[in-house]
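Peer 1: Next one to model:
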Amino acid sequence: MHGLDALTLARAQFGFTVSFHIIFPAFSIGLASYLMVLEGLWLRTGKPVYLDLFRYWVKIFSIGFAMGVVSGLVMSYEFGTNWAGFAERAGPVVGPIMGYEVLTAFFLEAGFLGVMLFGMGRVGRGLHFFATCMVAFGTLLSAFWILSVNSWMQTPQGYTIAPDGRFLPADWWAILFNPSFFVRFPHMVLASYLSVAFVVGAVGAWHLLRRQAGPHRLASRTMFSMAMWMAAIVAPAQIFMGDLHGLNTLKYQPAKIAAMEGDWDTEPDAPELLFGIPDMQAHKTFDAIGIPFLGSILLTHHLSGKVPGLDQFPPEDRPNASILFWSFRGMVAIGFAMAGLGLWSLYERYRRRLYLNPWLLRTAVAMGPAGFVAVLCGWITTEVGRQPYTVYGLLRTADSVSPIGAPGVRDSLIAFVIVYGIVFGSGLLFILRMMSRPPEPGETGPAEYEPIRTAGIVPGPATADPAHEHEVATP
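Peer 2: So this is what the prediction gives:
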């Protein structure tokens, strides 16, 4: 790290910490909604398998939620220590929105989380389900505020600039519902749902591969079946939403599109490059392999549509195509792989071999972390593509950094790497250990105690009806 300036180190530090943080909110958003569905199905059908799965995953959710809170606290300090210029200039717009996120979404989640985790048997079924719904809604509300802030930084509007250079809110509706919010918010929510679906599917497939027979079979099959339905339905929807996102980016951030595509020359009939090595110094993409006309078709929906090249923008305003070219293709490749697995599962479901094809199960296990990798690729594409600005076209990153020395940022970055490796590495290993055990009939919750079952509120193993197994597990 010697020789790097404070700006580069500050960007590396924020990129490192936010990369850890973004995984946990995505996990919480998807898993909270999954828990809501599981409890709703249990209340509606009375089938114990849904309660077993709820109590199995709610314990994992509690660990992931706590890790998300811890990782998020660090980032709030970084705004003050490393990005004082951004905080001073954009604070009048960004600060209130972040405050609303805490006052509404976080308080909502935290307020009902205790009831969801420890209230089973202590409150009525309806109230407990309401608490679960509120936690799920709180995660979505949190995503709303955060995506609104980030989208405003990508496509700013509804502001005025004070004589001292600060951005002052002029129209809060225009700020919150800025031009890119309407595609970026659903794109992120769907990504969270898919990420969790593939984790759930991987856990179910793992236990089916290890033991097809046993008391856990029904729960493992139910997990895998629900996850594959999500893959088959949501992955194509996410591809469609990604297309809308691309059209929006082409309109408002054409330099980002040019860097993502590795295009240096503005031209109609643009190809879609499948492979290439963009060189920012040579202003060229070497070893390019592409499909003629496909770039114009995908980006403009016209055979001869004109696709912008980086030659339209001054060198100091160009995002780093060497990074964007591959992060974008990684995200797209994973998205199509998810859709492919969903289609494969439909075929096996039609053949009534959804749980019996070992290659399908092995592929699902291998793709367990794929959603989170795609989220990281998408975040890199979004944030690196905004450079060299923090507020696109208005506030440069170089003007946003605090007046601090490089050694201080370097030392804190090293400390973050060590601490994060220990804390979050241990947390991840603990979660994986919990997932390595299959859900069993009569699964215990976070605060299980005997009066729950004696009161008849939570059915245990003795109340499970084997006759329901075929009904739930049949594809």
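Peer 1: mind checking how far D263 is from G295?
Peer 2: 7 Å (C-beta to C-beta, to the nearest Å). For the C-beta atoms, the positions are set from N, CA and C on the backbone; glycine is no exception.
Peer 1: which residues are in contact with both of those two?
Peer 2: Counting by C-beta atoms under 8 Å, 6 or more residues apart in numbering, the residues touching both D263 and G295 are A270, L273, V307.
Peer 1: for L113, helix, strand, or coil?
Peer 2: Of the three states, L113 takes helix according to DSSP: H, G, I helix; E, B strand; the rest coil.
Peer 1: Quick one: mean pLDDT over stretch 249-260.
Peer 2: The average pLDDT within stretch 249-260 is 89.
Peer 1: if we look at that stretch, which residues are touching it?
Peer 2: So stretch 249-260 is contacted by 154-155, 179-180, 246, 264, 278, 299-300, 307-310, 312-313, 317-321, 324-325, 328, 381, 385-386, 392 (C-beta under 8 Å, 6+ apart).
Peer 1: Which members of the residues you listed are positioned in helices?
Peer 2: Among the contacts of stretch 249-260, the members falling in helices (DSSP state H) are Q154, G246, L299, T300, A321, L324, F325, F328, T381, G385, R386.
Peer 1: can you name the two of those that are farthest apart?
Peer 2: T300 and R386 (22.0 Å; C-beta to C-beta).
Peer 1: Neighbour count for these two, which is higher?
Peer 2: Neighbour comparison, T300 and R386: the larger count goes to R386, with 20 against 17 (by other C-beta atoms under 10 Å).
Peer 1: Who are the packing partners of the helix or strand harbouring S19?
Peer 2: In this assignment (DSSP states H and E), S19 forms part of helix 6-45. Using 3 or more C-beta pairs under 8 Å, 6 or more residues apart in numbering; DSSP states H and E as the contact test, the elements touching helix 6-45 are helix 48-81, helix 125-154, helix 181-210, helix 370-386, helix 406-436.
Peer 1: which parts of the third one are buried?
Peer 2: Think helix 181-210. 181, 183-208 (16 or more other C-beta atoms under 10 Å).
Peer 1: Likewise for the last one?
Peer 2: Of the residues in helix 406-436, those buried under the neighbour-count criterion (16+ other C-beta under 10 Å) are A406, V409, R410, S412, L413, F416, Y420, F424, G427, I431, M435.
Peer 1: how about TSV for the residues you listed, with distance to G445 and pLDDT added?
Peer 2: Rendered in TSV, the data for those read as follows (distance: C-beta to C-beta, whole Å; pLDDT from 0 to 100):
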residue	distance to G445	pLDDT
A406	49	79
V409	44	81
R410	45	83
S412	39	83
L413	40	84
F416	34	84
Y420	30	84
F424	25	84
G427	20	84
I431	17	88
M435	16	88
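Peer 1: Out of those residues, the closest to K59 would be?
Peer 2: Set against K59, the nearest of these by C-beta to C-beta is I431 (9.6 Å).
Peer 1: and that closest one, what does it touch?
Peer 2: Applying C-beta under 8 Å, 6+ apart, the residues near I431 are I60, I63, G64.
Peer 1: Tell me how far it lies from Y50.
Peer 2: The gap separating I431 from Y50 is 22 Å, by C-beta to C-beta.
Peer 1: out of D263 and G295, which sits in the busier spot?
Peer 2: The residue with more neighbours, out of D263 and G295, is D263; 29 against 22, by other C-beta under 10 Å.
Peer 1: List phi and psi for that one.
Peer 2: Torsion angles at D263 (phi, psi; degrees, to the nearest 10) stand at phi -90, psi 130.
Peer 1: Kindly provide the distance from it to S304.
Peer 2: Taken as C-beta to C-beta, the span from D263 to S304 is 15 Å.
Peer 1: now F61
Peer 2: 50 Å.
Peer 1: Who has more neighbours out of these two?
Peer 2: F61 (24 against 12).
Peer 1: Give me the spatial nearest neighbour of that one, chain neighbours excluded.
Peer 2: In space, and not counting its chain neighbours, F61 is closest to L31: 4.8 Å by C-beta to C-beta, 6 or more residues apart in numbering.
Peer 1: separation between that neighbour and A136?
Peer 2: Distance from L31 to A136, by C-beta to C-beta: 9 Å.
Peer 1: same check, this time on A162
Peer 2: Applying C-beta to C-beta to A162 and A136 gives a distance of 40 Å.
Peer 1: Check L117 too.
Peer 2: 14 Å.
Peer 1: And these two? Which one has more around it.
Peer 2: Counted by other C-beta under 10 Å, L117 and A136 do not tie: A136 has more neighbours, with 24 against 19.
Peer 1: ok so, going back, go through the helices and strands packed on helix 6-45 and name the closest to A231.
Peer 2: Nearest to A231 among the helices and strands packed on helix 6-45 is helix 181-210 (6.0 Å), distances taken as C-beta to C-beta.
Peer 1: Give the other helices and strands that that closest one contacts.
Peer 2: Where contact means 3+ C-beta pairs under 8 Å, 6+ apart, helix 181-210 is packed against helix 6-45, helix 125-154, helix 217-252, helix 358-366, helix 370-386, helix 406-436.
Peer 1: give me the low-pLDDT residue ranges for the stretch 1-150 of the chain?
Peer 2: 1-3 (pLDDT under 70).
Peer 1: Pull the contacting residues for G405.
Peer 2: Counting by C-beta under 8 Å, 6+ apart, G405 has contacts A6.
Peer 1: Give me the contact list for stretch 411-421.
Peer 2: So stretch 411-421 is contacted by M1, L9, A12, Q13, F16, T17, F20, V74, T81 (C-beta under 8 Å, 6+ apart).
Peer 1: try 10 Å
Peer 2: With C-beta atoms under 10 Å, 6 or more residues apart in numbering as the test, stretch 411-421 has contacts from 1, 4, 9-10, 12-14, 16-17, 19-20, 70-71, 74, 78, 81-82, 404.
Peer 1: out of those, which are buried?
Peer 2: By 16+ other C-beta under 10 Å, the contacts of stretch 411-421 give 9-10, 12-14, 17, 19-20, 70-71, 74, 78, 82, 404 as buried.
Peer 1: now those residues as TSV including distance to L147?
Peer 2: Shown next, in TSV, are these (distance: C-beta to C-beta, whole Å):
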residue	distance to L147
L9	27
A10	23
A12	24
Q13	23
F14	18
T17	18
S19	17
F20	19
V70	21
S71	18
V74	20
E78	19
N82	22
I404	29
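Peer 1: What is the nearest of those residues to F286?
Peer 2: A12 (26.5 Å).
Peer 1: Isn't that closest one up against V18?
Peer 2: No: counting by C-beta atoms under 10 Å, V18 is not a contact partner of A12; they are 11.1 Å apart.
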